[in-house]
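using only what follows, build the 3D model:
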Amino acid sequence: MPESAIRILRMTRDPNCNSAQLLKLIEQDAALSARIMKAVNSSFYALQTKMTRLDRAVAFMGLRAVKEVTLSSSISGFCNDIALGSFSGRDLWDHCVGVAILARELAVRSQTMDSEDAFLAGMLHDVGLLLAAQSEIQRSRMVFQEAETHSAPFTKVEQKVYGFDHCELGERLSQNWNLPEYVTCVVRWHHQPEDAPEEYKRFCRHVFIADSICCEAKVGCPLTCGRQAISDQALEMARLTRQTLVDVAAKLPILLRLHFT
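The predicted structure follows:
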C-alpha cells in the first residue's frame, strides 16, 4: 500500500485531524487527488455546479468519504484487469468495495462496533486474494477455473493449488503492514468467524454476513463465498435480523456510486 495512503488513513482516524495537513498529504498524490475530484463531481453527490478545487472537495466530502476513496483507490492498485476464468481483477476489487459498504451499514444497524472500523475490515478482507491474483497469475487462473467448475469450497481449491489459502496469505500481509489487530483477524477468519479470537468475533461475523450478501447481490466475484449460508444463530449473535439484511442490500446500488464512478 502506498505510504501516502497509509498516512492519510491514520490521519483520518484521528478525531483531532488537522485538515490543512490532510490536504497537503492528498496534494502529494496526483492520482488520489484526481480520484477525489472525480468522486465529488459524480452522480453520488449530484452537485449543480462542478467543483474544481481540491480543498473545497475535501471539505465538502468530509473525513469519512475521503478515507473511503483513499482506501478504495489504493486497493484498486492491486487489481490489474487480468482474466481469471469468467472474472477479472476488477471484479475482485468491486467485491471488496461492496463488502466494505455492507459491513459499515450492518455495523450502523447492530451498533456493536464502529462503522468505519467495519468498513476498513470489509475493504481489506480479501487482500490475500488480490495479492495472489496479481503475483501468481497462472496458478490463480487455475484456482478460479477449478472453483467455477467443481463443488469444492474456494479455500480448498487454493490449498490444493498454492498450499495455503487467501485468508492465511492475507493475515501475513496484514501483519507486515502493521494493520490493526481486528483487521488482521477479519482477514484471517472472515469465512470462519466462530474460530476467531473472542474479542474480534463481532467484526468477523459482520464481514462474513456482508460477504455473503455481496455474493447474493452478484457484486464483483462471488466465488469465495458462494456456498456460505447465514444462519439464524449467526444473525442473533450479530444482533441483526433478516429484514435488516434485505433493507441494507436494497441500498447497495446507491452506495456503490461513490466508488464505482
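
would you map the helices across the stretch 1-150 of the chain?
With DSSP state H, counting those that start in this stretch, the ranges of helices along the stretch 1-150 of the chain come out as 3-12, 19-27, 30-40, 54-76, 89-110, 115-124, 127-135, 137-149.

quickly list the domain ranges of this structure.
1-77, 80-260 (automatic domain parsing).

could you dump these into a markdown table with mean pLDDT and mean neighbour count added?
For glycine as for every other residue, the C-beta is placed from the backbone atoms N, C-alpha and C. A markdown table is the format used below for the domains of the chain (pLDDT from 0 to 100; neighbours: other Cβ atoms under 10 Å):
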| stretch | mean pLDDT | mean neighbour count |
| --- | --- | --- |
| domain 1-77 | 80 | 16 |
| domain 80-260 | 90 | 19 |
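
need the contact list for residue 160.
The contact partners of residue 160, by Cβ atoms under 8 Å, 6 or more residues apart in numbering, come to 146, 152.

again but with residue 228, I slipped
By Cβ under 8 Å, 6+ apart, the contact set of residue 228 is 191, 208, 211, 212, 215.

and the fourth one, that's in a strand?
Spelled out, it's residue 212. No - Residue 212 sits outside any strand when classified using DSSP: H, G, I helix; E, B strand; the rest coil, being helix.

what's the nearest residue to it if we skip its chain neighbours?
residue 228 (4.6 Å; Cβ to Cβ, 6 or more residues apart in numbering).

look up how far residue 40 lies from that neighbour.
From residue 228 across to residue 40, the span is 35 Å (Cβ to Cβ, to the nearest Å).

repeat for residue 106
Residue 106 sits 26 Å away from residue 40, going by Cβ to Cβ.

ditto for residue 89
26 Å.

residue 213 now?
Separation of residue 213 from residue 40 (Cβ to Cβ): 28 Å.

repeat that for residue 191.
Distance from residue 191 to residue 40, by Cβ to Cβ: 36 Å.

distance-wise, check residue 66 relative to residue 72.
The separation that residue 66 has from residue 72, given Cβ to Cβ, amounts to 11 Å.

check residue 133 too.
Using Cβ to Cβ, residue 133 is found at 17 Å from residue 72.

again, but for residue 113
With Cβ to Cβ as the criterion, residue 113 and residue 72 are 20 Å apart.

check residue 247 too.
Per Cβ to Cβ, residue 247 is found 23 Å from residue 72.

now residue 217
To residue 72, residue 217 is 18 Å away according to Cβ to Cβ.

what of residue 214?
Residue 214 is 15 Å from residue 72, where distance means Cβ to Cβ.

skipping its backbone neighbours, what lies nearest residue 4 in space?
residue 29 (4.8 Å).

right, I mislabeled it, should have said residue 31
Closest residue to residue 31 apart from its sequence neighbours, by Cβ to Cβ, 6+ apart: residue 73 at 6.9 Å.

contact partners for residue 113?
Residues near residue 113 by Cβ under 8 Å, 6+ apart: 107, 202, 203, 206.

run the last query once more with 6 Å
Going by Cβ atoms under 6 Å, 6 or more residues apart in numbering, residue 113 touches 107, 202.

now do residue 94
Residue 94 touches 219, 220, counting by Cβ under 6 Å, 6+ apart.

also the one 4 residues further on?
Applying Cβ under 6 Å, 6+ apart, we find residue 98 in contact with 214, 219, 220.
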